[in-house]
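Participant: need coordinates for the following:
(3 chains)
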Amino acid sequence: MPKTESQNPPLPKAFDLRKNVVLIAKELLGKLLMTSIDGQTTGGMIVETEAYSYRERGCHAYQGMRTERNKIMFEAGGIAYVYLCYGIHNLFNVVVNENDKADAVLVRALQPVEGEELMKSRMKTSSLKRITSGPGKLTKALGIDRTSNGKNLSSCELWIEDGVTIRKKEIVSAPRIGIDYAGEDAKLPWRFFIKDNEWVSKM
DNA sequence: TAGAGGATTGAT
DNA sequence: TCAATCCTCTAC
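Facilitator: Numbering: from 1, shown residues only, chains lettered A, B, ... in the order given. Here you go, the predicted model:
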């Protein structure tokens, strides 16, 4: 039987709009990112995130720069911001904060928990090894593309639910990847991942 | 409207 | 280390 909107769990507390995007990026670790496409469910535990705020240069919406691509970031939190990177990869972000405060959390890696066979099929591999260890890979494995842009994260096709609680001492912070253009802001330790987790990208 | 560059990935 | 690949943004 197809899922309905009301059957999905409410968004986890990580989406509390009063919280800072950096705090939310840490709290998303351990949560489950799930998709249900054509009745087939896939999903994984979030093991790596990066925080982006309109206040710093690494962010697409730096200083309130609103474009056709990033306009979704300016909406109220709890929706998906999916964009194409390098012309090839779809990258998935969780929009947080209030209207016009364009903060988002990039999900960089997952640990598969459901639909492993379908994910392997989508990745055209017979091995589960590292198929969701990277922002471009996890979207492909879960079937996320730009049609998911702006989608509510309590929808029946794409949602986040509570998983396991990650203790503070298990969370490692580091500078974000691939934003050298952001100058000093590139050094902000806003990349978070679960210590010793084999699914984290670029160990 | 043209040109440059990019929150990546996989092959070599 | 480099190519793939194409959307987005900026400059003119």
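Participant: for chain A, which segments count as helices?
Facilitator: Counting by DSSP state H, chain A has helices at residues A:21-27, A:116-122, A:135-142.
Participant: which elements pack onto the longest one?
Facilitator: Think helix A:135-142. strand A:32-37, strand A:40-52, strand A:79-85, strand A:89-96, strand A:103-114, helix A:116-122 (3 or more C-beta pairs under 8 Å, 6 or more residues apart in numbering; DSSP states H and E). In this view, the C-beta of every residue, glycine as well, is placed from N, C-alpha and C.
Participant: the helices of chain A: which one's closest to DNA strand B?
Facilitator: Nearest to DNA strand B, of all these, is helix A:135-142, at 3.2 Å by C-beta to the nearest atom of the strand.
Participant: among the helices and strands packed on helix A:135-142, which is nearest DNA strand C?
Facilitator: Within these, the stretch nearest DNA strand C is strand A:79-85; the backing value is 4.4 Å (C-beta to the nearest atom of the strand).
Participant: what's the spacing between that closest one and its chain's center?
Facilitator: 9 Å (C-alpha atoms, centre = their mean, to the nearest Å).
Participant: would you mind writing the CA trace of that strand as PDB?
Facilitator: The C-alpha atoms that make up strand A:79-85 are tabulated as PDB, following Å, rounded to 0.1, in the frame of the first residue of the first chain:
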ATOM      1  CA  ILE A  79      12.600  21.300   2.700                       C
ATOM      2  CA  ALA A  80      15.100  20.000   0.200                       C
ATOM      3  CA  TYR A  81      17.600  22.100  -1.800                       C
ATOM      4  CA  VAL A  82      18.900  19.900  -4.600                       C
ATOM      5  CA  TYR A  83      21.200  21.400  -7.300                       C
ATOM      6  CA  LEU A  84      23.500  20.200 -10.000                       C
ATOM      7  CA  CYS A  85      27.200  20.400  -9.400                       C
END
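Participant: ok, and what's touching stretch A:126-146?
Facilitator: Contact with stretch A:126-146 is made by A:33-35, A:37, A:42-44, A:80, A:82-85, A:88-92, A:106-112, A:116, A:119-120, A:122-123, A:125, A:158, A:198-202, as judged by C-beta atoms under 8 Å, 6 or more residues apart in numbering.
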